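K.L.:
my questions concern the predicted model and sequence given below.
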Amino acid sequence: MLNDPRVLRLFELLIDKNIPGIEPVFAPGRGSWVSYPAVETELGADADYSMLLLEDLSRLGYLSKRFHDKVLFCPACNSQDLKLNTVCPKCHSAHLERQRVLEHKNCGYVGTEPEFAKSGSRACPKCRVELVLVGSDYTNRGLRYRCLDCETVVESPDEKWACRSCHRDYAKGEVRELVMYSYLLDQAQISKLRVDRIPKARVREFLTREGYDIQESVQTTGKSGAEHRIDLLATKRSGPLEHRIVVGFSSAESAVDSEEVIKLYAKGYDVSAQDIIMIASPKLSDDGRQFASHYHIRVYSAEELDRLDIQLPVPA
């Protein structure tokens, strides 16, 4: 998968633009109901392929899958413009009021708080005894819903969804629900890609565009008879003439040293390369640059690859 230039281009885009993650949008009518515009635009792919690709990259550890949002929408018209209504389970009226329920401890009468109200004090509506102290005279039994149309008191009213777009009503479990996920770049994996795969993909793409045949991680024998493993060998032929480029990719914690430059030059010279290019990550040391200049090696950091758009010699 990571040899696919479209996938590498996607990673390159996210890194270059410093995009922390890939976010979804709700896409009614599509097979998956979710769209990832950044992926679809960059890869020229449809929504289903893009979602499967992100799942695979997450499974492989290059992306981290995170909960993004939950979308509720109308099963008839796909609108998200929904309103949740609470209704009386007996008469289905929405004319409900949340009230506290009290219980008189002596006579056991249970009713809503307004029933116990009497001229700024509380009194039991059944036995008329004044209630002074909660816990001693009466008990607070919590909040309930009272229907102001039929006087029914319930702990939990029914819930119904109303679609403001098509004016349909649905029971609580009838609306459609979609969980959407975003995908975040895993920095440890991306650091590896930044050093190796993405720079290599960009160089390969450039040289292919310039008409070179590319061999990657190739084992070849030099004039001296020595075996060399070359990161990227680019060859362009014109009749009996051939132009050969050796590209090496080197990385170090702080700076690539001169020894890597000398090794690369030895490979290039032994395989008769007319040009040698080094991609150094994060950069090449000062003495390394002196050696590179002496050996006429073109050096780029991973961040300087845009400068790779140079005129290369064409075989006469």
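P.N.:
In hand now; what should we look at? Numbering: from 1, shown residues only.
K.L.:
look up how far Glu12 lies from Asp149.
P.N.:
Distance, Asp149 to Glu12, using C-beta to C-beta, to the nearest Å: 64 Å. For every residue, glycine as well, the C-beta is placed using N, CA and C.
K.L.:
sorry, that was for Phe67
P.N.:
Counting by C-beta to C-beta, the gap from Phe67 to Glu12 is 27 Å.
K.L.:
who has more neighbours, the two?
P.N.:
Neighbour count, other C-beta atoms under 10 Å: between Phe67 and Glu12, Glu12 has more, with 21 against 9.
K.L.:
quick check, pLDDT for the more buried one.
P.N.:
Glu12 is assigned 70 on the pLDDT scale.
K.L.:
one more: Thr221?
P.N.:
95.
K.L.:
check contacts around it.
P.N.:
The contact partners of Thr221, taken as C-beta atoms under 8 Å, 6 or more residues apart in numbering, are 227-228.
K.L.:
tell me what it is bridged to.
P.N.:
Thr221 has these beta-bridge partners by DSSP bridges: Glu227.
K.L.:
report the buried residues of stretch 203-223.
P.N.:
Going by neighbour count (16 or more other C-beta atoms under 10 Å), the buried part of stretch 203-223 is 203-207, 212, 214, 222.
K.L.:
Throw those into TSV and include distance to Ser293 and secondary structure, thanks.
P.N.:
TSV is the format used below for the buried residues of stretch 203-223 (distance: C-beta to C-beta, whole Å; DSSP: H, G, I helix; E, B strand; the rest coil):
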residue	distance to Ser293	secondary structure
Val203	20	helix
Arg204	25	helix
Glu205	27	helix
Phe206	22	helix
Leu207	22	helix
Tyr212	24	coil
Ile214	26	strand
Gly222	23	coil
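K.L.:
may I ask which of those comes out lowest in pLDDT?
P.N.:
Glu205 (81).
K.L.:
in CSV, could you pull the C-alpha coordinates for stretch 238-247?
P.N.:
Output of stretch 238-247 as CSV, limited to C-alpha atoms (Å, rounded to 0.1, in the frame of the first residue of the first chain):
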residue,chain,number,x,y,z
SER,A,238,18.9,8.0,-26.1
GLY,A,239,20.2,5.7,-28.8
PRO,A,240,23.5,4.2,-27.6
LEU,A,241,23.9,6.9,-24.9
GLU,A,242,22.8,6.6,-21.3
HIS,A,243,22.5,9.1,-18.5
ARG,A,244,22.6,7.5,-15.0
ILE,A,245,21.7,9.1,-11.7
VAL,A,246,22.3,7.6,-8.3
VAL,A,247,20.2,8.9,-5.4
